[in-house]
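Asker: fold the following for me, if possible:
(2 chains)
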Amino acid sequence: MSEAVALIRLSGITKTYGSGQAAFQALKGIDLAIDAGDFVAIMGPSGSGKSTAMNILGCLDTPSSGSYEFEGVKVEQLSRNERALLRRNYLGFVFQGFNLLSRTTALENVELPLIYRGEPAAARHAAARAALRQVGLEGWEHHTPAELSGGQQQRVAIARAIVTRPAVLLADEPTGNLDTHTGEEIMELISALNRDQGITVLMVTHEPDMAAHAKRVIRFVDGRVDSDRRNGEAD
Amino acid sequence: MLWNTLLLALRSIRRNLMRSFLTILGIVIGVAAVITMVTLGNGATQSVSDQISSMGSNLLIVMPGQRFGPGAEAGAPFKSADIEVIRNQITSARLVAPIVSKSATAVYQANNWSTVVTGTSNDYFEAGNWEIAAGRTFTEAEEKSGKAVCVVGETVRDKLFGRQNPVGSEIRIKQFACEVIGLLKAKGQSSMGSDQDDSVVMPLRTVQRRLSGSQDINRLTISVKEGASIDAAKEQLTRLLRERRNIAENEDDDFRVMDTRQIAETLTSTTKILTMLLGAVAAVSLLVGGIGIMNIMLVSVTERTREIGIRLAIGALEREVLLQFLIEAVVLSSLGGLIGITIATAASIFLAGLMNVPYLFDPSINLLSFFFAAAIGVIFGYFPAQRAAGLNPIDALRHE
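Answerer: Numbering: from 1, shown residues only, chains lettered A, B, ... in the order given. Purely as a prediction, here's the structure:
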């Protein structure tokens, strides 16, 4: 895929919290292009703006200035509802804190995005079961988050994110709440999704071990892109 | 979209059973309290007016004295001569019953019962809509001579004779013996709350001679002819009595003439005020229920805000989220309202039976409290959600 039709293109993105003296500029002008099928790890110390960038990429937050093109569409010109539809149809999210609906079974959690898509019940159940099978949770469909381990909860979250077959999977510290071994398993799963299904993965992490799974590592420092390299390249 | 959102709302209710239950409970209690109170109040009002009509319609009740309570000037009691004059001069009067009442203890064998002895004439039974269940009323000779005969009410029969037929037995009242010649058919509680069946009725002269010891008459009950104007009769009677009692032009009456319609109005207005009062108290409980709902909703707002954040993040539209919350609130409130109405109906029927008042279904109070409860549920269920759904998804997700 050529650079000209990059899936995601950020130019001059800034984000400022607060105003006046108390204003804090989390992003100070980010330019970035991400191709379809890539696996990008965003790293950086805390406060470097990597999560803020992730939220803007995921249309969960809006930039203060700059331009964000998703498949050639200028996101900042979209309405709230249009951004919601973009999330619904193209994006899948995995959060550090899992963000599953409590007291709701794994199956129902995974079904949720399909309900908003208006899929009929039978197709919904089948797709949700398939997604849970894919993340290795066959047989756990009727367990609620409280009855699942952290790793299992994150698997449910991944199943929920991929059940709609999104173009992009955004993962914000997906292994942050997990032990090393479980984290490794989750990373294997995410890598497989990228490798086997061609899902573009954007992942925020501060653990180099996890970033090692990515094809491309972007390092944020102080609200700017500090370095951007492909794994395997020399530093 | 509506169908899917309904599904989401129902799932949400199901998985938050405790919260749903508490929300419903607040509404149930409020609705049930308001409806029960008002329904019972209406029943009491109805029973008062029923009892007044059981007293007989077209009745005038004449009592000496003008006002009740302190400062009341006691007017002179009536005499037998008054009765005759009223009979002769008030053409629209059909029946004129003099009444003398005394409390006394009635004794039969080992049983005794403190009751009210009423001295009157046969007109009393007809004017007061009394029916004879057994035996007979007074003969003319008995009335004239003041013979010791009596007609007893159901309560007196029950206390002294049990289920036995009292007719022909002798009861003792104070120091004299009295033959029971009749039994009155039961009427139940009076509008004042006293037991109308707790009475022993004797000829006027008997009571005057043996119990009160004077020629005084405490009260007159006058039945006005069918079709005749009550107001005209009242006015005529007032003029006549003023004349007989030598009341000067500028002086107030020293007696009172009331008609049953007037009594009915006074009493039903009292019970209506009571109904409103009870309703107001119950409305407070509805309000408290509403505040309970508000609390539950506000307490759960953190969890719900995060939930809204999750829904928005995975692509729910703001209006879909709001519709879901609206449906949830409507379903819970309506369910609470319906359960409240059901409980209120059961409680009203049960309590009405206990209180001896009729059960009257009042659609307006049912609808009113139902919609009020629904409004509370919707307002407190919906508006916190509206605020959350307006946030950026990330802010909703990070809500603490």
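Asker: pLDDT at residue 205, what is it?
Answerer: No chain specified, so I'll use chain A. For residue A:205, the model assigns a pLDDT of 92.
Asker: could you do chain B instead?
Answerer: According to the prediction, residue B:205 has pLDDT 91.
Asker: cross-check the contact I'm expecting between it and residue B:144.
Answerer: Yes: using C-beta atoms under 8 Å, residue B:205 and residue B:144 qualify as a contacting pair, with a distance of 7.3 Å. (Glycine included, C-beta is placed from N, CA and C.)
Asker: which of those two has more neighbours?
Answerer: Between residue B:205 and residue B:144, counting by other C-beta atoms under 10 Å in any protein chain shown, residue B:205 is the more crowded of the two (19 against 11).
Asker: who's in contact with residue 146?
Answerer: Here I'm looking at chain A. Listed by C-beta atoms under 8 Å, 6 or more residues apart in numbering or on different chains, the contact set of residue A:146 reads A:102-103.
Asker: wrong one, I was asking about chain B
Answerer: Residues near residue B:146 by C-beta under 8 Å, 6+ apart: B:203-206, B:208-210.
Asker: with distance to residue B:59 and secondary structure added, can I get those in CSV?
Answerer: Listed next are these as CSV, based on distance: C-beta to C-beta, whole Å; DSSP: H, G, I helix; E, B strand; the rest coil:
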residue, distance to residue B:59, secondary structure
B:203, 21, strand
B:204, 18, helix
B:205, 23, helix
B:206, 24, helix
B:208, 23, helix
B:209, 27, helix
B:210, 28, helix
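Asker: nearest to residue A:190 among those?
Answerer: Nearest to residue A:190 among the contacts of residue B:146, counting by C-beta to C-beta, is residue B:204 at 106.6 Å.
Asker: what's the closest non-adjacent residue to the closest one?
Answerer: Spatial nearest neighbour of residue B:204, chain neighbours left out: residue B:119 (4.4 Å); criterion: C-beta to C-beta, 6 or more residues apart in numbering or on different chains.
Asker: residue B:137 now?
Answerer: Of all residues beyond its chain neighbours, the one nearest residue B:137 is residue B:122 (5.0 Å), with distances taken as C-beta to C-beta, 6+ apart.
Asker: the one you found contacts residue B:149, doesn't it?
Answerer: No: under the criterion of C-beta under 8 Å, residue B:122 lies out of contact with residue B:149, with a separation of 11.8 Å.
Asker: and the pLDDT at residue B:63?
Answerer: The predicted structure scores residue B:63 at 87 on the pLDDT scale.
Asker: confirm it sits in a strand?
Answerer: Yes: the assignment for residue B:63, made by DSSP: H, G, I helix; E, B strand; the rest coil, places it in a strand.
Asker: check contacts around it.
Answerer: Applying C-beta under 8 Å, 6+ apart, the residues contacting residue B:63 are B:218-220, B:255-256, B:258.
Asker: nearest to residue B:35, of the residues you listed?
Answerer: Nearest to residue B:35, judged by C-beta to C-beta, of those is residue B:258 at 34.7 Å.
Asker: next, count neighbours for the residue nearest to residue B:16 when sequence neighbours are not counted.
Answerer: Closest residue to residue B:16 in three dimensions, ignoring its sequence neighbours and counting by C-beta to C-beta, 6+ apart: residue A:103, at 6.7 Å. Other residues within reach of residue A:103, judged by other C-beta under 10 Å, total 16.
Asker: measure residue A:103 to residue A:143 for me?
Answerer: To residue A:143, residue A:103 is 11 Å away according to C-beta to C-beta, to the nearest Å.
Asker: so is residue B:177 in a helix, a strand, or just coil?
Answerer: Assigned with three-state DSSP, residue B:177 falls in the strand class.
Asker: isn't residue B:203 up against residue B:119?
Answerer: Yes: Residue B:203 is in contact with residue B:119 according to C-beta under 8 Å; the separation is 6.6 Å.
Asker: could I get the contacting residues of the residue of chain B found nearest chain A?
Answerer: Distance from chain A to each residue of chain B (C-beta to the nearest C-beta) is smallest for residue B:315, at 2.4 Å. With contact taken as C-beta under 8 Å, 6+ apart, residue B:315 is in contact with A:84-85, A:87-89, A:91, A:113, A:116-117, A:164.
Asker: quick one: pLDDT of the one residue sitting closest to the centre of chain B?
Answerer: Taking C-alpha atoms, centre = their mean as the criterion, residue B:44 is the residue nearest the geometric centre of chain B, at 1.8 Å. pLDDT, the model's per-residue confidence, is 86 for residue B:44.
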